[in-house]
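> Test case, fold it:
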Amino acid sequence: MNKFIKFIILGTVPNISILAASNDYSMFGAKEEIVYNVHWSFISVGRAMLGIQRVSSSTLRVYSTAESYKFFDSFYKVRDSVESLWDTRFERSLKFAKHLREGKKSSDTEIIIDTATDTARLGEDKWKVTRNALDVLSALHYVRLKKLTPGTTVMMDVYTKKKLWPLVVDVIKRETIEVGDKKYDTILVEPKMREEGIFKAKGRIWVWLTDDEKKIPVRMSSKVLIGSVSVDMTEIINIR
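I've put the predicted structure just below:
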């Protein structure tokens, strides 16, 4: 799941909507959790969840989890979690923590932002970030705040391990799709960044957001090393 929100810039794009301090964060309410089924080609292999929770008047906790189903664990066991803190007053990320358990590999990362010096810290390593830099998790929800018109793009700065990237999200088109037994009017966007995650991305990534004020990500899809992975929404929990 986490890989679908990890992007690397491929080039400059016209009609860019720059990050601005005029977004309505009240749309997220007190808490929102979106549950997904993860498909590898035509096989259902796991469950993922995206969550966002208000912890103060100006701070959101953004989190995600992903786990393979038990029958698939013997092939490739996944137990991943990612969490960040998002300052909505100054529109910047404050912290990003990632705990990946994938097959025989495991990794733990925690990046803290020093807002006084605009510096990111990972252990003993430090690097400069911009004043409005986001992490890869809050970046997805930031896109949901924007007016999305086909043919335009959204651009923001995103920090990852020891790096700061300009992130471009192309707004492709409006499209009606079927997810489970429901049809949704959606806006298709293509984020352009690649990083490590649950499944390593090969090629392009697509995200379908509902074409309404909530812009719920109902489907995500990408190529992986073997086949393709798609993530379809199965449930959404809203606590206002």
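> helix or strand right after the helix of greatest length in the chain?
The longest helix of the chain (DSSP state H) is helix 136-144. Counting by DSSP states H and E, the next helix or strand C-terminal to helix 136-144 is strand 153-160.
> what's the angle between that next one and helix 136-144?
Counting by axes from the mean of the first three to the mean of the last three C-alpha atoms, to 10 degrees, strand 153-160 lies at 160 degrees to helix 136-144.
> for this protein, what helix or strand is lowest in average pLDDT?
Lowest by mean pLDDT, DSSP states H and E among the helices and strands of the chain is strand 16-18, with a mean of 38.
> What's the separation between S41 and S230?
9 Å (C-beta to C-beta, to the nearest Å). From N, CA and C alone the C-beta is placed, and that goes for glycine too.
> Between the two, tell me which one has more neighbours.
Of the pair S41 and S230, S230 is the one with more neighbours under other C-beta atoms under 10 Å, namely 18 against 11.
> And the strand or helix carrying that one, what does it pack against?
According to DSSP H and E, S230 maps onto strand 228-239. When contacts are defined as 3 or more C-beta pairs under 8 Å, 6 or more residues apart in numbering; DSSP states H and E, strand 228-239 packs onto strand 31-40, strand 217-223.
> Quick one: closest of those to V189.
strand 217-223 (9.2 Å; C-beta to C-beta).
> Report the buried residues of that closest one.
Buried positions in strand 217-223, judged by neighbour count with 16 or more other C-beta atoms under 10 Å: 217-222.
> all helices for the chain, in order.
70-76, 136-144.
> Save the buried residues of strand 217-223 as TSV, and put in pLDDT and distance to I237 too.
As requested, the buried residues of strand 217-223 are exported to TSV (pLDDT from 0 to 100; distance: C-beta to C-beta, whole Å):
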residue	pLDDT	distance to I237
P217	97	14
V218	98	14
R219	97	18
M220	95	19
S221	93	23
S222	88	25
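> got those residues as CSV, with distance to L122 columns?
Converted to CSV, the buried residues of strand 217-223 look like this (distance: C-beta to C-beta, whole Å):
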residue, distance to L122
P217, 27
V218, 33
R219, 32
M220, 27
S221, 30
S222, 26
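> Longest strand of the chain, counting residues only.
Secondary structure of the chain per DSSP state E: the longest strand is strand 163-179.
> quick one: it to strand 31-40, angle?
Using the same axes, to 10 degrees: strand 163-179 against strand 31-40 is 80 degrees.
> strand partners of strand 163-179, parallel vs antiparallel please.
strand 153-160 (antiparallel), strand 182-191 (antiparallel) (DSSP bridges).
> how about the ones you listed, which one is nearest D24?
Among the strands paired with strand 163-179, the nearest to D24 by C-beta to C-beta is strand 153-160 (15.5 Å).
> Might you report the residue contacts of R79?
R79 makes contact with 66-68, 101, according to C-beta atoms under 8 Å, 6 or more residues apart in numbering.
> I should have written A133 there, sorry.
Counted by C-beta under 8 Å, 6+ apart, A133 has contacts 92-93, 113, 118, 120, 157-159, 164.
> Could you rerun that using 6 Å?
157, 159 (C-beta atoms under 6 Å, 6 or more residues apart in numbering).
> Quick check: the gap between D87 and K183.
To K183, D87 is 37 Å away according to C-beta to C-beta.
> hang on, the earlier thing: any chance of the helices of the chain in a markdown table, plus distance to R47, mean neighbour count and mean pLDDT?
Shown next, in a markdown table, are these (distance: least, C-beta to C-beta, whole Å; neighbours: other C-beta atoms under 10 Å; pLDDT from 0 to 100):
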| stretch | distance to R47 | mean neighbour count | mean pLDDT |
| --- | --- | --- | --- |
| helix 70-76 | 11 | 12 | 92 |
| helix 136-144 | 18 | 24 | 94 |
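> Let's have these in JSON lines, adding distance to P150.
Listed next are the helices of the chain as JSON lines, based on distance: least, C-beta to C-beta, whole Å:
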{"stretch": "helix 70-76", "distance to P150": "36"}
{"stretch": "helix 136-144", "distance to P150": "14"}
